[in-house]
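Asks: any chance you could fold what I've pasted below:
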Amino acid sequence: MASTSYDEVPYDGGARYHTHPDRLATIAKLAGMTPAPVERCRVLEIGCGVGGNLVPMALRLPDARFVGVDFSQRQIETARTLSNNLALTNIEWRACDIREIGPEIGAFDYILCHGVFSWVPEAVRDHILELCKQCLSPMGVAYISYNTYPGWHLRGMVREMVKYHAQRFDDPSVRVPQSRAFLDYLARSLPQPDSAFAHVLRDEQERWKEVADYYLFHEHLEDENQPLYFHEFARRAADRGLQYLGEAWQHSHANDLTPEAAQVLQNLAGDLIQREQYLDFLRNRTFRRSLLVRSDVALDRNTRSEAVRGLLVSALAQPVEAPPGAAADQIHFRTEEGVELASNSPLVTALLQVLYQTSPRALRFDDVVARMIAMLPESEAMEVQRHVAEALPQFFFTGLAGLHTYFPQFAATAGERPLADPLARMQAEATAGVTNLRHGTVKPPDLDRNLLALLDGKRDRAALLRELLKAVENGKLTIALEGRTIVDAQEREEIMAKALEESLSRLAKAALLLA
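Replies: Residues are numbered from 1 along each chain as shown. Model (predicted):
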């Protein structure tokens with residue numbers, strides 16, 4: 001097989017919460033479908049990279065079956081080594097051109113294609129959609145991410161400039177830092193620093209500070225990067241017997257539009273596809289994570305308040321301090337993704353508080369209702385069930401709460417001999433990012449990461465404390481108090497014993513401990 005740019009610079013992508021079969025199954029349920037049970041599903045990932053997304057699924061869903069396909073032999077070898085180290089028998093890896101795969105590979109309940117569609121030639125994009133049509137099970141869901149206009153018109157301008165500059169350097173390890181330096185040069189050297197052009201460059205400059213080199217290399221320096229408008233993607237899917245289900249994450253919505261703007265949007269949009277396209281215009285959207293199903297599937301988007309009653313609910317938002325000038329009776333909530341809500345409704349605040357109090361675990365719908373009723377006065381309690389059924393789908397699509405058909409088992413508190421799964425322990429020793437049991441990526445501080453690597457279920461608190469103190473002696477960890485390095489052995493042990501309990505509590509809250 002020919003070498004690819006991904007052999008030169010592997011794409012070290014990790015777990016992507018929005019691609020998990022549970023996420024896709026939940027959205028399908030809310031549209032009236034009966035998707036395959038997550039615990040026993042079949043999953044195909046096109047462009048699986050080094051296995052960072054598929055391996056955690058396979059480890060935690062042992063009765064499900066997984067196939068990962070990638071054009072890069074190096075990335076497949078890395079993925080295979082990872083799954084072999086974890087003794088996984090429910091996952092298969094294939095290094096090949098996507099166009100070599102056809103219906104003979106079998107039917108899948110969930111097909112994942114993240115970071116591929118916009119970055120491959122036209123013929124490969126066509127084949128991805130054709131493969132989804134041929135290989136989706138009757139109630140299957142396909143996930144495809146891609147760059148979108150209008151937002152990528154501006155971002156593409158930056159890509160073209162840095163790509164022109166970087167083409168003189170053959171070594172990828174030089175091209176990326178040169179691209180960063182060139183963008184910095186442009187952003188600070190324009191003769192009109194307050195122009196719209198300058199604002200675009202500075203926005204990209206800030207965004208680049210948050211992303212890894214491998215991402216910049218494949219996003220901005222590859223030959224292929226073909227954004228498209230959402231309506232074009234939806235039409236191409238329809239031409240191949242597929243229909244649009246929704247977005248896997250950060251779904252477009254009109255809740256924050258003025259009443260006048262929302263009314264104009266309603267008048268302009270004759271159907272869901274037009275509505276989504278107009279929202280992209282309003283948001284200047286750059287990226288989508290779209291879900292497709294077979295065109296013969298009957299969707300019913302008016303049954304959400306009934307469907308939600310059979311789902312599990314989890315917290316994504318937590319109470320935060322009200323900003324200066326906020327109304328005295330409002331309670332403010334915020335998610336890690338930056339979604340905010342301020343409300344003085346007793347029902348809304350009770351709902352989000354109940355979920356936060358049980359986090360990171362999930363509750364059944366009836367349990368949410370029962371806990372809210374216990375918190376509210378009798379005059380408010382009468383409306384709880386109807387209110388929760390109506391509010392939860394909206395909270396789910398705006399990122400304020402999680403809905404699930406399946407929820408993993410993990411420890412809410414650390415036991416006598418705390419246990420983390422083998423993947424988390426391996427990652428804690430090798431990388432900053434660790435995949436938790438909710439299929440999210442967390443970056444624990446140094447103490448938590450060192451502790452996590454020790455949690456094999458064999459060590460009690462005393463043994464863990466001894467290991468952490470050894471790490472201090474070996475220079476892997478430091479103990480400081482109010483800026484003062486602690487050298488006294490007894491004081492150091494007392495401080496570390498307290499830090500150990502605090503660290504275990506954080507790891508449990510981050511869904512990193514097995515029950």
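
Asks: the one helix or strand Val43 maps to: which residues count as buried?
Replies: Counting by DSSP states H and E, the element that carries Val43 is strand 42-46. For strand 42-46, the buried set under the neighbour-count rule, 16 or more other CB atoms under 10 Å, comprises Arg42, Val43, Leu44, Glu45, Ile46. Where you see a C-beta, it was placed from the backbone N, CA and C, and this is true even at glycine.

Asks: got CSV for those residues, with pLDDT too?
Replies: Formatted as CSV, these follow (pLDDT from 0 to 100):
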residue, pLDDT
Arg42, 98
Val43, 98
Leu44, 98
Glu45, 98
Ile46, 97
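
Asks: would you mind measuring from the residue lying closest to Gly433 once chain neighbours are set aside to Arg16?
Replies: Once flanking residues are discounted, Gly433 sits nearest to Thr441: 4.7 Å by CB to CB, 6 or more residues apart in numbering. According to CB to CB, to the nearest Å, Thr441 stands 8 Å off from Arg16.

Asks: neighbour-wise, which of these two wins?
Replies: Arg16 (21 against 18; other CB atoms under 10 Å).

Asks: need phi/psi at the residue lying closest to the more buried one once chain neighbours are set aside.
Replies: Among residues not flanking Arg16 along the chain, Asn53 sits closest, at 5.3 Å (CB to CB, 6+ apart). Per-residue torsions, Asn53: phi -90, psi -40 (degrees, to the nearest 10).

Asks: what about the stretch 201-350 of the chain, any weak spots by pLDDT?
Replies: Low-confidence segments of the stretch 201-350 of the chain (pLDDT under 70): 250-255.

Asks: strands of that one, start to end?
Replies: Per DSSP state E, counting those that start in this stretch, the stretch 201-350 of the chain carries strands over the ranges 242-247, 287-294, 312-315, 317-320, 331-335, 340-343.

Asks: in the third one, which residues are buried?
Replies: Judged by neighbour count using 16+ other CB under 10 Å, the buried positions of strand 312-315 are Leu312, Val313, Ser314, Ala315.

Asks: of all those residues, which comes closest to Leu376?
Replies: Nearest to Leu376 out of these is Val313 (CB to CB; 17.0 Å).

Asks: so that closest one bridges to which residues?
Replies: Beta bridges link Val313 to Leu363, Leu403 when assigned by DSSP bridges.

Asks: I'd assumed Val369 was in contact with it.
Replies: No: taking contacts as CB atoms under 8 Å, Val313 lies outside contact range of Val369: 10.1 Å.

Asks: burial of Asp194, as a residue count?
Replies: 8.

Asks: what about it, distance to Arg202?
Replies: Relative to Arg202, and taking CB to CB, Asp194 is found at 10 Å.

Asks: other SSEs contacting the lengthiest helix in the chain?
Replies: If you go by DSSP state H, the chain has its longest helix at helix 489-509. Counting by 3 or more CB pairs under 8 Å, 6 or more residues apart in numbering; DSSP states H and E, the packing neighbours recorded for helix 489-509 are helix 446-452, helix 461-473.

Asks: can you list contacts of it?
Replies: For helix 489-509, contacts defined as CB atoms under 8 Å, 6 or more residues apart in numbering pick out 359-360, 410-414, 418, 420, 444, 447-448, 451-452, 455, 461, 464-465, 468-469, 472, 479, 481, 486, 513.

Asks: now that helix, how far from the centre of its chain.
Replies: Put simply, helix 489-509 sits 30 Å off its chain's centre (CA atoms, centre = their mean, to the nearest Å).

Asks: and if you look at stretch 215-226?
Replies: Stretch 215-226 sits 21 Å away from the centroid of its parent chain (CA atoms, centre = their mean).

Asks: may I see the buried residues of it?
Replies: For stretch 215-226, burial by neighbour count (16+ other CB under 10 Å) applies to Tyr215, Leu216, Phe217, His218, Glu219, His220, Leu221, Glu222, Asn225.

Asks: need the contact list for the fourth one.
Replies: If a contact means CB under 8 Å, 6+ apart, then His218 has Ser5, Tyr6, Val9, Tyr11, Gly115, Trp119 as its contacts.

Asks: mind doing that once more with 7 Å?
Replies: Tyr11, Trp119 (CB atoms under 7 Å, 6 or more residues apart in numbering).

Asks: repeat for the fifth one
Replies: Each residue near Glu219 by CB under 7 Å, 6+ apart is listed here: Asn225.

Asks: please apply the same query to the third one.
Replies: Shown here is Phe217, whose contacts under the criterion CB under 7 Å, 6+ apart are Val9, Pro172, Arg175, Val176.

Asks: biggest separation within these, which pair?
Replies: Val9 and Arg175 (9.3 Å).

Asks: wait, doesn't Val9 sit right on Asp171?
Replies: No: Val9 sits out of contact with Asp171 when judged by CB atoms under 7 Å, with a separation of 10.6 Å.

Asks: which one of the two has more residues nearby?
Replies: Higher neighbour count among Val9 and Asp171: Val9, with 22 against 9, using other CB under 10 Å.

Asks: look up the pLDDT of that one for me, please.
Replies: Val9 carries a pLDDT score of 85 in this model.

Asks: and for the one 5 residues further on?
Replies: According to the predicted model, the pLDDT of Gly14 comes to 89.

Asks: ok, the closest residue in space to it that isn't next to it in sequence - contacts?
Replies: In space, and not counting its chain neighbours, Gly14 is closest to Gly52: 4.2 Å by CB to CB, 6+ apart. Shown in contact with Gly52 (CB under 7 Å, 6+ apart): Asp12, Gly13, Gly14, Ala15.

Asks: what is the burial count for the second one?
Replies: When neighbours are defined as other CB under 10 Å, Gly13 has 21 of them.

Asks: swap in Gln73?
Replies: Gln73 has 16 neighbours, counted by other CB under 10 Å.

Asks: right, and it touches Asp97 too?
Replies: No: judged on CB under 7 Å, Gln73 makes no contact with Asp97 at a distance of 11.5 Å.

Asks: picking that back up, okay, the longest helix of the chain in PDB with CA atoms only?
Replies: Extracted in PDB, the C-alpha atoms of helix 489-509 (Å, rounded to 0.1, in the frame of the first residue of the first chain):
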ATOM      1  CA  ALA A 489       8.500  13.900  55.800                       C
ATOM      2  CA  GLN A 490       5.600  13.900  58.300                       C
ATOM      3  CA  GLU A 491       4.100  17.100  56.900                       C
ATOM      4  CA  ARG A 492       4.500  15.800  53.400                       C
ATOM      5  CA  GLU A 493       2.700  12.600  54.200                       C
ATOM      6  CA  GLU A 494      -0.200  14.500  55.900                       C
ATOM      7  CA  ILE A 495      -0.600  16.800  52.900                       C
ATOM      8  CA  MET A 496      -0.400  13.900  50.400                       C
ATOM      9  CA  ALA A 497      -3.000  11.800  52.400                       C
ATOM     10  CA  LYS A 498      -5.400  14.700  52.100                       C
ATOM     11  CA  ALA A 499      -4.600  15.300  48.400                       C
ATOM     12  CA  LEU A 500      -5.100  11.500  47.700                       C
ATOM     13  CA  GLU A 501      -8.700  11.700  48.900                       C
ATOM     14  CA  GLU A 502      -9.400  14.800  47.000                       C
ATOM     15  CA  SER A 503      -7.800  13.300  43.800                       C
ATOM     16  CA  LEU A 504      -9.900  10.100  44.200                       C
ATOM     17  CA  SER A 505     -13.000  12.200  44.500                       C
ATOM     18  CA  ARG A 506     -12.200  14.200  41.300                       C
ATOM     19  CA  LEU A 507     -11.500  10.900  39.400                       C
ATOM     20  CA  ALA A 508     -14.900   9.500  40.400                       C
ATOM     21  CA  LYS A 509     -16.600  12.800  39.500                       C
END
